[in-house]
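K.L.:
One predicted model, sequence on top.
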Amino acid sequence: MAVVGDLSLKFSGKETICDVKKGAFGFPISSPRISFSAGKLKNCRVKTGVYAVMQVGVESTEISKDLEKSKEVLGLDVVSEEELKEKGFLGLRKTKLVCTIGPACCSSDSLEKLALGGMNVARLNMCHNTREWHQDVIRKIKNLNEEKGFSVSVMIDTEGSQIQIVDHGAPFSVKAEDGSFWDFTTEKFEGTRPFTVQANYEGFSEGINVGDELVIDGGMATFEVVEKIGNDLRCKCTDPGLLLPRAKLSFWRDGRLVGRSDELPTLSTKDWSDIEFAISEGVDFIALSFVKDADVVTHLKKYLSTKSSESIKVLAKIESLEALHKLDKIIEASDGIMIARGDLGVEIPLEQIPTVQEEITYRCRKFNKPVIIASQLLESMIEYPTPTRAEVADVSEAVRQYADALMLSGESAIGPYGQKALSVLRMTSGRMELWSREENRETVLFEHKLGSSVPDQIAEQICYCAAGMANNLGLDAIFVYTRHGQMASLISRNRPNSPIFAFTNDSSTRMALNLQWGVTPILIDLSDDMEANINRSINLIKAKGLIKDGDAVLVVSDIIPTSAAQTVFQSIQVKTVA
Ligand SMILES: Nc1ncnc2c1ncn2[C@@H]1O[C@H](COP(=O)(O)OP(=O)(O)OP(=O)(O)O)[C@@H](O)[C@H]1O
Ligand SMILES: CC(=O)C(=O)O
Ligand SMILES: [K+]
Ligand SMILES: [Mg+2]
């Protein structure tokens with residue numbers, strides 16, 4: 001055992017216990033080589049080895065009463081500010097909300113209403129509409145952020161390659177009756193032809209045999225292949241249903257999906273051109289449809305870095321059987337995941353969706369990547385002003401699973417009740433988060449080691465302890481200082497009861513953190529003097545009336561030095577506002 005000043009380090013097997021005079025706490029670190037260094041440590045003096053500075057102590061901060069000093073602007077979005085004023089720290093919603101923008105909500109007025117209603121991220125699906133339309137929407141969102149103080153991130157969602165029915169612009173859907181015969185062809189034609197469906201991909205029937213099953217949209221209608229004529233398939237309807245424009249085609253044999261997507265690239269020429277567009281418009285996220293493996297994600301991330309656009313986060317959409325087979329590698333390679341239940345339900349039996357969703361959500365947290373649960377959350381609200389009880393239960397379940405974000409698709413893109421659907425998500429999440437907290441569901445913190453380097457492990461342990469301390473001490477908020485968002489996401493991963501305010505001087509970090517559970521990102525200037533940063537930000541928050549005397553916050557910082565002369569500053573402190 002080494003005793004240094006008031007700080008004692010006990011090395012006992014795999015555990016390092018750190019006791020401090022005021023406010024003791026312990027934390028397990030696997031490496032007994034960890035040492036705690038001098039300089040910024042409170043209550044102790046240490047001579048040697050610098051990996052990190054652990055600053056532990058309970059102190060009272062003298063908050064400057066001179067608000068004149070706080071001329072600086074705090075980059076906190078108006079919606080969080082209002083929510084905080086109205087509901088207090090614990091009332092801040094933790095689950096983030098994504099809205100798909102479509103014709104029903106693309107006016108500035110509607111976008112503003114969605115932003116006010118809690119939209120954290122706006123999603124643009126490149127499957128639909130024109131480049132000009134998308135550009136117009138992105139610019140409107142950026143203008144609103146600039147002019148009205150919102151902080152809505154922009155995501156584009158690639159079209160990807162999949163076999164589907166060509167949309168001939170017919171506004172209606174066609175019904176396939178039981179026993180009727182249909183031709184599935186790649187021959188191009190205008191308008192509609194009776195009992196003929198055009199597939200978008202030349203090779204759609206390669207490897208398909210007579211007797212195979214052709215399933216539309218994962219079960220909307222089913223056909224049996226009765227004849228192959230060249231590339232075309234003649235099919236008999238065995239389960240009647242609707243053929244909607246752009247409906248997906250999949251083939252089944254002996255109860256199993258016939259893999260077809262190997263032949264299709266994850267990123268088509270159109271997708272690459274949409275990616276160029278996304279780069280030039282400065283979007284925050286690119287969601288890749290039909291990701292098959294980690295390589296495409298890695299490739300795109302490399303490409304973005306060659307374009308100096310590494311700040312754009314790459315999300316992998318899990319919507320195929322192949323993606324499920326390579327799930328861990330895809331999660332590790334990506335900046336986040338979308339569980340695209342719509343297309344996933346075409347590839348796996350529907351009854352497997354709930355367990356697959358829970359598993360993906362869990363693994364994303366394990367690997368510390370944000371996860372969005374998407375599709376059909378409030379599907380009936382595309383038509384009706386109230387959701388079904390089952391839909392509300394589905395939303396609640398996603399929140400209970402601690403998904404980072406929930407997404408609206410057609411509910412906001414084309415439905416007349418988009419804002420209402422958003423408020424259903426908002427209220428349902430709030431209710432479920434409160435219940436989880438009251439029932440103490442969150443006390444089990446997430447302990448799976450991510451990093452292999454000592455500094456990474458220290459950061460993880462600090463965040464693990466921070467979440468535990470905030471819960472155990474019932475602190476009002478956690479303040480974290482972070483340049484790239486890593487510390488903020490590590491704290492979020494532990495799903496603490498207190499809201500996490502992430503102070504960053506990097507605007508792309510701010511926009512990326514919009515997808516992270518429980519994190520309110522705040523843009524602020526950060527200097528190398530961490531004490532000054534902390535005091536200045538508390539002053540600014542106090543000046544806005546968002547924090548008051550007696551409030552206790554946990555302050556976590558992890559600022560990597562810009563020069564060799566400085567020490568790594570990783571610390572936890574409890575500050576009581578005075
Ligand atoms: N930009 C848009 N313009 C016109 N319609 C849109 C737009 N975005 C979405 N929609 C409509 O909203 C519906 C649902 O939206 P969304 O694109 O999210 O569903 P999806 O087809 O499940 O997504 P994906 O193609 O990624 O699987 C679409 O079928 C489409 O009719
Ligand atoms: C969102 C999406 O792409 C899907 O659910 O298929
Ligand atoms: K898409
Ligand atoms: Mg999809």
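P.N.:
All right, it came through fine. Everything numeric in this text was worked out from a predicted model, so none of it was measured. Ligands and ions are numbered 1, 2, ... in the order given.

K.L.:
What are the buried residues along stretch 244-264?
P.N.:
Under the neighbour-count criterion of 16 or more other Cβ atoms under 10 Å, stretch 244-264 has L244, A247, K248, L249, S250, F251, L257, R260, S261, L264 buried. Any C-beta I mention is one placed from the backbone N, CA and C, and that applies to glycine too.

K.L.:
Work out the gap between that stretch and the centre of the chain.
P.N.:
Distance, stretch centre to chain centre, for stretch 244-264: 28 Å (Cα atoms, centre = their mean, to the nearest Å).

K.L.:
now the end-to-end length of that stretch.
P.N.:
Using Cα to Cα, to the nearest Å, one end of stretch 244-264 lies 22 Å from the other.

K.L.:
Could you check that stretch against ligand 2 for contacts?
P.N.:
No. For stretch 244-264, no contact with ligand 2 is found by Cβ under 6 Å from any ligand atom; the gap never falls below 8.8 Å.

K.L.:
List of residues touching that stretch?
P.N.:
127, 161-170, 173, 184, 199, 201, 203-204, 206-209, 211-218, 220, 225, 290, 292, 320-322, 343, 346-347 (Cβ atoms under 8 Å, 6 or more residues apart in numbering).

K.L.:
quick revisit: can you flag which of the buried residues of stretch 244-264 belong to strands?
P.N.:
L249, S250, F251, L257 (DSSP state E).

K.L.:
Now do the buried residues in stretch 541-549.
P.N.:
I541, K542, A543, L546, I547.

K.L.:
From these, pick the one nearest M432.
P.N.:
Nearest to M432 among the buried residues of stretch 541-549: L546, at 24.8 Å, using Cβ to Cβ.

K.L.:
Which helix or which strand is home to the closest one?
P.N.:
Using DSSP states H and E, L546 is not contained in any helix or strand.

K.L.:
so who does it touch?
P.N.:
L546 sits in contact with E81, L84, K85, where contact means Cβ under 8 Å, 6+ apart.

K.L.:
Can you tell me how far it is from A470?
P.N.:
17 Å (Cβ to Cβ, to the nearest Å).

K.L.:
same check, this time on E177
P.N.:
Distance from E177 to A470, by Cβ to Cβ: 61 Å.

K.L.:
on that earlier part again, can you tell me which of the contacts of L546 are buried?
P.N.:
Buried by 16+ other Cβ under 10 Å: E81, L84, out of the contacts of L546.

K.L.:
quick one: which of the contacts of L546 is nearest to ligand 1?
P.N.:
E81 (29.9 Å; Cβ to the nearest ligand atom).

K.L.:
secondary structure class for that closest one?
P.N.:
Following DSSP: H, G, I helix; E, B strand; the rest coil, E81 is assigned to helix.

K.L.:
just checking, it touches I541?
P.N.:
No. Taking contacts as Cβ atoms under 8 Å, E81 lies outside contact range of I541: 10.0 Å.

K.L.:
Would you show me how to pick out the buried ones of the contacts of stretch 244-264 in ChimeraX?
P.N.:
Filtering those down to the buried ones (16+ other Cβ under 10 Å) takes a single ChimeraX command:
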select :161,162,163,164,165,166,184,199,201,204,208,212,213,214,215,216,217,218,220,225,290,292,320,322,343,346,347
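
K.L.:
restrict the contacts of stretch 244-264 to contacts with ligand 4.
P.N.:
Applying Cβ under 5 Å from the ion, the subset of those adjacent to ligand 4 comprises D343.

K.L.:
got the contact list for stretch 493-501?
P.N.:
By Cβ under 8 Å, 6+ apart, the list of residues contacting stretch 493-501 from outside reads 89-90, 92, 94, 365, 368, 402, 437, 442, 445-446, 463-464, 466-468, 470-471, 474-480, 488, 491-492, 517-520, 522, 541, 554.

K.L.:
Need the distance between the two termini of it.
P.N.:
End to end - Cα to Cα - stretch 493-501 spans 14 Å.

K.L.:
Ok, stretch 214-223 next?
P.N.:
Start-to-end span of stretch 214-223 (Cα to Cα) is 5 Å.

K.L.:
Next: stretch 242-250.
P.N.:
Start-to-end, stretch 242-250 (Cα to Cα) is 15 Å.

K.L.:
Could you see whether ligand 4 lies near it?
P.N.:
No. Applying Cβ under 5 Å from the ion, one finds stretch 242-250 out of contact with ligand 4, separated by at least 8.4 Å.

K.L.:
and that stretch, how far out from the chain's middle?
P.N.:
Distance, centroid of stretch 242-250 to centroid of chain: 28 Å (Cα atoms, centre = their mean).

K.L.:
And stretch 336-345, by the same measure?
P.N.:
Centroid separation for stretch 336-345 versus its chain: 12 Å, with Cα atoms, centre = their mean.

K.L.:
Alpha carbons of that stretch, in PDB - could you do that?
P.N.:
Taking Å, rounded to 0.1, in the frame of the first residue of the first chain, the C-alpha atoms of stretch 336-345 are listed here in PDB:
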ATOM      1  CA  GLY A 336     -23.600   5.000 -34.300                       C
ATOM      2  CA  ILE A 337     -26.300   2.600 -35.400                       C
ATOM      3  CA  MET A 338     -29.800   2.800 -36.600                       C
ATOM      4  CA  ILE A 339     -32.100  -0.200 -36.100                       C
ATOM      5  CA  ALA A 340     -34.100   0.100 -39.300                       C
ATOM      6  CA  ARG A 341     -36.900  -2.100 -38.300                       C
ATOM      7  CA  GLY A 342     -38.800  -1.500 -41.600                       C
ATOM      8  CA  ASP A 343     -36.500  -3.300 -43.900                       C
ATOM      9  CA  LEU A 344     -35.200  -5.600 -41.200                       C
ATOM     10  CA  GLY A 345     -38.700  -6.900 -40.900                       C
END
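
K.L.:
Alpha carbons of stretch 174-192, as PDB, please.
P.N.:
Provided in PDB are the C-alpha atoms of stretch 174-192 (Å, rounded to 0.1, in the frame of the first residue of the first chain):
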ATOM      1  CA  VAL A 174     -52.400  -2.000 -56.800                       C
ATOM      2  CA  LYS A 175     -54.100  -5.000 -55.200                       C
ATOM      3  CA  ALA A 176     -52.900  -8.500 -56.000                       C
ATOM      4  CA  GLU A 177     -55.800 -10.900 -55.700                       C
ATOM      5  CA  ASP A 178     -55.500 -14.500 -54.500                       C
ATOM      6  CA  GLY A 179     -54.600 -16.800 -57.500                       C
ATOM      7  CA  SER A 180     -54.000 -14.000 -59.900                       C
ATOM      8  CA  PHE A 181     -50.900 -14.300 -62.300                       C
ATOM      9  CA  TRP A 182     -48.300 -11.500 -62.500                       C
ATOM     10  CA  ASP A 183     -45.200 -10.800 -64.500                       C
ATOM     11  CA  PHE A 184     -42.200  -9.400 -62.700                       C
ATOM     12  CA  THR A 185     -39.900  -7.900 -65.400                       C
ATOM     13  CA  THR A 186     -37.000  -5.500 -65.800                       C
ATOM     14  CA  GLU A 187     -38.400  -4.200 -69.100                       C
ATOM     15  CA  LYS A 188     -38.900  -0.500 -68.800                       C
ATOM     16  CA  PHE A 189     -42.300   1.000 -69.500                       C
ATOM     17  CA  GLU A 190     -44.200   4.200 -68.800                       C
ATOM     18  CA  GLY A 191     -47.400   4.400 -66.800                       C
ATOM     19  CA  THR A 192     -48.900   1.200 -65.600                       C
END
